[in-house]
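**Q** give me a model of this one.
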Amino acid sequence: MTFATQKLLTPENAVFVFVDQQPQMAFGVRSIDTQLLKNNAVALAKTAQAFNAPTVLTSIQSEAFSGYVWPELLDVLQQDPHERTTMNFWEDKSVLNAIKASGRKKIILSGLWTGASINFPALCAMNEGYEVYIVGDACGEISPEAQYAAMTRVEKAGAVPITSLQLLLEMQRDWARHETYEATLDIIREHYGSYGMGIDYAETHIHKQPQRGQYPQPVDRMHSKAA
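**A** I've put the predicted structure just below:
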């Protein structure tokens, strides 16, 4: 077994867990722009779907306090969340059984808030021999200081910080993997700003591919050459 197959994240060795990405939980987030937070979480869900990796979705006090899981996230995952009362999902049998049923020992965590609903289960999971990866730009806290403290605590305990884009690229890793090539590019184009714009530019201006939009920009060839 090589380092790449044993240590790096792959669709075959990881399970994605999405934790409490709900309106009321997001209202208090001040460590990251909330639109960017949602963008990254949805991109992360699309990554899991593109690579056919198992996903576990959780929610907390949806009717009493937190509201429903973001519809954009539900539309991608298309699964019912495990509803909880405890902040530590490792103490919820339904969630824990779903994770164990995946058979994966690498857990990819994202959600709200980092200091509680991410930290608590991360510490418990590592104590039981799991490897934990925390997608920092798909998590949030009530202040930058709170996010720093939460990430520092779990990192010192052995968790690995990662970003949503880094994770996508680690899953793809080889551009010769044609079965996920287009899906990876689609996620980048839709969610990752200048990187996605650069792909569009390269495809149209270097590789002379047609514009991908449903309403392509008309081009005046003579005027374009004169410019």
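
**Q** please count neighbours and contacts with C-alpha atoms only from this point.
**A** OK.

**Q** which elements pack onto the helix or strand containing V42?
**A** For V42, the element it lies in under DSSP states H and E is helix 34-50. Taking 3 or more C-alpha pairs under 8 Å, 6 or more residues apart in numbering; DSSP states H and E as contact, the helices and strands that helix 34-50 lies on are helix 71-77, strand 131-140, helix 164-172, helix 178-191.

**Q** which non-adjacent residue is nearest V69?
**A** Leaving aside its sequence neighbours, V69 sits nearest to Q22 (C-alpha to C-alpha, 6 or more residues apart in numbering; 4.5 Å).

**Q** quick one on the thing from earlier: which one of the helices and strands packed on helix 34-50 is the most hemmed in?
**A** Among those, ranked by average contacts under mean count of other C-alpha atoms under 10 Å, first place goes to strand 131-140 (a mean of 24).

**Q** quick check: angle from that one to helix 164-172?
**A** Strand 131-140 and helix 164-172 are oriented at 140 degrees to each other (axes from the mean of the first three to the mean of the last three C-alpha atoms, to 10 degrees).

**Q** if we can go back for a sec, with just CA atoms, put whatever helix or strand comes next after the helix holding V42 into PDB.
**A** Per DSSP H and E, the first helix or strand lying C-terminal to helix 34-50 is strand 55-60. In PDB, the C-alpha atoms belonging to strand 55-60 read as follows (Å, rounded to 0.1, in the frame of the first residue of the first chain):
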ATOM      1  CA  THR A  55     -22.400  11.300   3.500                       C
ATOM      2  CA  VAL A  56     -24.000  11.800   6.800                       C
ATOM      3  CA  LEU A  57     -26.200  14.800   7.400                       C
ATOM      4  CA  THR A  58     -27.200  16.000  10.900                       C
ATOM      5  CA  SER A  59     -29.400  18.700  12.300                       C
ATOM      6  CA  ILE A  60     -30.100  20.000  15.800                       C
END
